[in-house]
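coordinates only, no sequence provided:
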């Protein structure tokens, strides 16, 4: 199938974690503080940002366009399939080496992207609770109210009825998740479009961008293909593409899981399972890469590349049979680590730097609003990535829906660069996200990520109170308890 296949209807018509909380810094303030932000990266990167400041100050005078690309179930180690994307957004912007999501599940994560809030604050604790999100807190609401032209192209929120128009978008092509010949809500009309959905999303986005030639308003485009979600169907032209071999990592499989929780002890996925999934994921992402390149080329043609803030992120990661688990929803690193890139040349972020701060999906809305010069009237847990704020750890949380046996229990985790502490609880949610249960801590894990990056040895398994004290677990448990209610 060619890239242009599939749009049969033509163009559409119409917080609290960490220490040392820094003061908020606006987009122009960022330009004078860029060297401080880049101190965690290589010295040449800081010099490049410093050199960019004088030109950026003039270029950032106009409000930027915003392009937010959110892929589905894309783990961190998939850059082979999106090399054109990486070359543009990371190579001519910033690569965040410690990018995370605060809940490794689609609807809670996307709600955090929109609101800048943890799931325990925005209320979307599972995929069935999408209507719990207060739409007045979303970045699209703030941008449209500030005069931005807003468009959505692709997946929105799980359990969102297709016939319900997405609030605060002026134009949309809302996908009922599928890869071929899918159902859509196109600006209020539910219809079936023939073709590969990533290509349709690309074409709809390009048509939206074309209107910038005559509509002088700044725009916000939320572009969200279904790849690389299961069943990871590739476009026809990539169906047989050979991908680089992969022979697993030490956590695939883990030889001894006696120190892990029961659902991991019972996990049965193999390296072969993971290799097959990885191949499907990479093939499906190749069309995303084509779409991003087409969007890049359109921005160049429109003369809007420099003053467009571009953010690319996965809505959650995915384990490739790590510890026998071939899914998401777990506290292990591959499930919540994601590709995370940002570019904004007119804002001083066009040099191809690496930022080693711990960043997350909750930081996306604050970053966008900061760049646009908008102060939200609602609280946010995240922080603008244009400022100097740097957290020492991140809260990652997930809730079990229902009481059926199997799968991970509800858990929360303190995630730092060098360590991770996790608690599992006797808690569950109903379909609306309402939490029930005693809250009793049922199991705990602690990993020294510096010495054990693949999380093979749970240092709390059979640990004595003295050993827990030496690891600093009481303080970690207290901080985690505070993070869960902040």
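Nice, I can see it. Nothing here was measured: the structure is a model prediction, and the numbers come from that model.

give me the distance from stretch 206-214 to the chain's centre.
26 Å (Cα atoms, centre = their mean, to the nearest Å).

now do the buried residues in it.
Going by neighbour count (16 or more other Cβ atoms under 10 Å), the buried part of stretch 206-214 is 206, 207, 208, 209, 212. Heads up, the C-betas are built off the backbone N, CA and C, glycines and all.

for residue 396, give the beta-bridge partners.
In this entry, residue 396 is beta-bridged to residue 413, by DSSP bridges.

hang on, it packs against residue 105?
No: between residue 396 and residue 105 there is no contact under Cβ atoms under 8 Å: 10.9 Å.

returning to what we had before: narrow the buried residues of stretch 206-214 to those in helices?
Among the buried residues of stretch 206-214, the members found in helices (DSSP state H) are 206, 207, 208, 209.

pick the one among those closest to residue 101.
residue 208 (26.1 Å; Cβ to Cβ).

the strands in the stretch 101-250 of the chain, which residues?
Using DSSP state E, counting those that start in this stretch, the strands of the stretch 101-250 of the chain run over residues 149-154, 171-175, 183-186, 189-192, 219-224.

any chance of these in CSV, with mean pLDDT, distance to residue 362 and mean neighbour count too?
Converted to CSV, these look like this (pLDDT from 0 to 100; distance: least, Cβ to Cβ, whole Å; neighbours: other Cβ atoms under 10 Å):
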stretch, mean pLDDT, distance to residue 362, mean neighbour count
strand 149-154, 98, 20, 25
strand 171-175, 98, 24, 24
strand 183-186, 98, 27, 20
strand 189-192, 98, 32, 11
strand 219-224, 98, 17, 24
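
rebuild those as CSV, extending it with distance to residue 358.
Listed next are these as CSV, based on distance: least, Cβ to Cβ, whole Å:
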stretch, distance to residue 358
strand 149-154, 28
strand 171-175, 31
strand 183-186, 36
strand 189-192, 41
strand 219-224, 24
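
looking at those, which is closest to residue 442?
strand 219-224 (35.1 Å).

partner strands of that closest one and their direction?
When DSSP bridges is applied, strand 219-224 pairs with strand 65-71 (parallel), strand 149-154 (parallel).

and the angle for it with strand 171-175?
0 degrees (axes from the mean of the first three to the mean of the last three Cα atoms, to 10 degrees).

beyond strand 219-224, next helix or strand please.
Where DSSP states H and E defines the elements, the next helix or strand beyond strand 219-224 is helix 262-265.

quick check: mean pLDDT of whichever helix or strand comes after that next one?
Using DSSP H and E, the helix or strand that follows helix 262-265 towards the C-terminus is helix 271-302. Confidence over helix 271-302 (mean pLDDT, whole number) is 98.

continuing past helix 271-302, what's the next helix or strand?
Note on helix 271-302: by DSSP H and E, the next helix or strand toward the C-terminus is strand 308-314.

what's the helix or strand just after that following strand in contact with?
Once the chain leaves strand 308-314, the next helix or strand it forms, by DSSP H and E, is helix 333-336. With contacts defined as Cβ atoms under 8 Å, 6 or more residues apart in numbering, helix 333-336 is touched by 75-77, 100-102, 104, 316-320, 322, 327-329, 396, 415, 420, 449, 453, 455.

drop anything exposed from those.
Neighbour-count burial (16+ other Cβ under 10 Å) is assigned, among the contacts of helix 333-336, to 75-76, 100-102, 104, 316-320, 322, 327-329, 396, 415, 420, 455.

list the contacts of residue 450.
418, 419.

now do it against residue 420, distance only.
11 Å (Cβ to Cβ, to the nearest Å).

please apply the same query to residue 334.
For residue 334, the distance to residue 420 - Cβ to Cβ - is 13 Å.

kindly report the same for residue 174.
Distance, residue 174 to residue 420, by Cβ to Cβ: 36 Å.

over to residue 315?
Distance from residue 315 to residue 420, by Cβ to Cβ: 21 Å.
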